[in-house]
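Undergrad: Sequence plus the predicted model coming up.
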Amino acid sequence: MLLFIATQHQIYRELKHFKEVNGIPTEVVCTEFSNYIFVVLTQYGKIGTLISVTPDSRSNDINEVWLDEIPMTHVCAKNLGMFVSQEAGSRPVLLGLALKDSSIDAVKQIKEIIKSCQVW
């Protein structure tokens, strides 16, 4: 579902997709704002951990807004955030991440959902 939402100062686009990833219902919401991309990837029905990724982020430099100290969460968040940033032409990304399954296979499937949910 593609939404064009007009506010007083700007227009933004949003796409939502629901799909099962390894048997787990997964929702992907991509929203394009004028200065960044906001992506929610959830298997819990909530935004979860917020991660800010900028194109100039160094390999270990991610702004962890509320990132838990779980290494796999960090790796998954960084991988998906950089993927979205590159797909969106090196734009900054705010990623909401709440995944039950962060396996390599799940991340690959989520990337395919993101590709079908592009608003940029």
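TA: Now that the structure is in, tell me what you want to look at.

Undergrad: Find the nearest non-adjacent residue to E20, please.
TA: T26 (6.6 Å; Cβ to Cβ, 6 or more residues apart in numbering). No exception for glycine: its C-beta is placed from N, CA and C like everyone else's.

Undergrad: give me the number of residues near the residue lying closest to G45 once chain neighbours are set aside?
TA: In space, not counting the residues next to it along the chain, G45 is nearest to E27; the distance is 7.2 Å by Cβ to Cβ, 6+ apart. Taking other Cβ atoms under 10 Å as the criterion, the count of residues near E27 is 18.

Undergrad: cool, and the one 10 residues further on?
TA: Neighbour count for I37, taken as other Cβ under 10 Å: 23.

Undergrad: Could you shift the numbering so residue one becomes 44, and keep it that way?
TA: Okay, using 44 as the starting number, the last item reads as I80.

Undergrad: Confirm for me that it is in contact with G132.
TA: No: I80 lies out of contact with G132 (Cβ atoms under 8 Å); the separation is 9.6 Å.

Undergrad: Quickly list what's touching both of these two.
TA: Taking Cβ atoms under 8 Å, 6 or more residues apart in numbering as the contact rule, the neighbours common to I80 and G132 are W163.

Undergrad: circling back: I'd guessed the residue nearest to E63 sits against E155; true?
TA: No: the pair T69 and E155 does not pass the contact test of Cβ under 8 Å, sitting 11.1 Å apart.
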